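Q: here's my sequence, what's the structure:
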Amino acid sequence: MKIGIAGGGAFGTALGVALALDGNEISLWARNPDAVATMQNDRANPKLPGVTLPKNITFSAELESIFVCDTILLAIPAQTLPAFLNAHVERLKGKYLVACCKGIDLKRMTGPASTIRDLVPDATAAMLTGPSFAADIARGLPTALTLACADDADGGILQTALSTTSLRIYRTTDTIGAELGGALKNVMAIASGVAIGAGLGESARAALITRGFPEMQRLATELGGQAETLSGLSGFGDLVLTCTSEQSRNFRYGLALGRGESFDSETTVEGAATARAVRQLATDLDIDMPICTVVADLTENKTDVMSALNALLSRPLKEE
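A: Numbering: from 1, shown residues only. The predicted structure is shown next:
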C-alpha cells in the first residue's frame, strides 16, 4: 500500500519508518528542501539519531508526491493544520486524512479531526493518537495507539492499513474524546514539568496527574466526547506517558518554566496553545478547569510558578 505523510519531523518520519518496515511504500513530504535532501541521500533524520530510514520511503519537498496517495497522514502542528487544509482543499478531496497532531486550534477552537471534517468535508477525517514517542516507534518498539474515525467502517479500513508488527491500533468512533484526550494531556504534562522543575517533588506530580484527569474528562464530555474514551489509550494512557518522561516536549517545556530557564523557541509545544484555548472554552462553557487555566497564565507570563501553586492550593476544600 502507498501512504503519504505530510511532515518530516520526528513523529511523521517515525511513522514512515514503522509503516515502511511492514512493506508499505511511503511518500513523505517535508517543507525544508535541505532536510529532504539529507533524508533522501543519507537515509537519516537528525531528529531520530541512530535510525536508518528504509529504502521504501521516498522524500520530497513537492506536495504532489503525497497528493497521489489515497491515505495521507498529517504530521504537522495543530496550529498550522487549518492553513494547510485550506490551501489544498481540492487536492485533498476524497482522501483518507489522518491527523497525527494533538491540540486545539486557537482560532477555530476545534481538535484536528474536527478541523479536517469542517474544512475538507469531502474527505474521510480520522485521528491517530495515544501514548507514543517518535524514538520508540522508529526503533520498532511495541506501541499501542487509537485510531478515531466517526465512520466505523472507514475506521476499520484505516486500522488495517496502519497496523504493523510493532504498532497495535485500536479504533473508536469517538473523535471528540480522542482528540481532546490527546490535546489536554499536553497541558497536564506542562503542569507536571513545572512541578518537578520547581522542586515540588513526585507527590505533587502525582496529585497533578490525578486531579488533571477528571479535568480532562469534564471538558471532553461537555463537548460531546465519551468518558470511557478518556480512560483509554488516547486519554489516560497518553497522560501517564507524557507527564512522566523527559522525552515529552511539553514536559520539558514545563521543566524549563519551573526552573526559570529559557526553552528552545523552535520546538513545537502544542500544550501551550492548547492551554490558552482551553482557558477560553472553560470561560465560555462555565467549566472549572483550574490546572489548564494556571498553565495558560504561566505560558503567557501572567503569573509565576509560586503564585500559580498558591492559586491551586488555596482552592476551597471539598470531597474527592
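
Q: chain neighbours aside, what residue packs nearest to Thr268?
A: Closest residue in space to Thr268, ignoring its immediate chain neighbours: Pro77 at 5.1 Å, by Cβ to Cβ, 6 or more residues apart in numbering. Glycine gets a C-beta too; all of them are placed from N, C-alpha and C.

Q: the one you found: neighbour count?
A: Neighbourhood size, Pro77 [other Cβ atoms under 10 Å]: 18.

Q: for Glu270, see how far away it is.
A: 7 Å (Cβ to Cβ, to the nearest Å).

Q: find residues that contact each of the two.
A: Counting by Cβ atoms under 8 Å, 6 or more residues apart in numbering, the common neighbours of Pro77 and Glu270 are 101, 103.

Q: any idea how far Met188 lies from Leu81?
A: To Leu81, Met188 is 22 Å away according to Cβ to Cβ.

Q: again, but for Arg252
A: Counting by Cβ to Cβ - Arg252 and Leu81 are separated by 23 Å.

Q: and these two? Which one has more around it.
A: Neighbour tally, Arg252 and Leu81, criterion other Cβ under 10 Å: the higher count belongs to Leu81, 24 against 20.

Q: tell me the contacts of the closest residue to Val295 other than its chain neighbours?
A: Leaving aside its chain neighbours, Val295 sits nearest to Ala275 (4.3 Å; criterion: Cβ to Cβ, 6+ apart). Contacts for Ala275 (Cβ under 8 Å, 6+ apart) come out as 187, 190, 292-293, 295-296, 299.

Q: ok, now Leu145?
A: Residues counted as contacts of Leu145 (Cβ under 8 Å, 6+ apart) are 128-132, 167-170, 233.

Q: if it is in a bridge, with which residues?
A: Ile169 (DSSP bridges).

Q: show the residue spans covered by the helices in the stretch 51-200 of the chain.
A: Counting by DSSP state H, counting those that start in this stretch, the stretch 51-200 of the chain has helices at residues 64-67, 81-87, 89-92, 112-119, 134-138, 152-162, 175-197.

Q: could I get the ones you listed as CSV with mean pLDDT and distance to Asn32?
A: Listed next are those as CSV, based on pLDDT from 0 to 100; distance: least, Cβ to Cβ, whole Å:
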stretch, mean pLDDT, distance to Asn32
helix 64-67, 96, 15
helix 81-87, 97, 15
helix 89-92, 97, 21
helix 112-119, 97, 22
helix 134-138, 97, 17
helix 152-162, 98, 25
helix 175-197, 96, 24
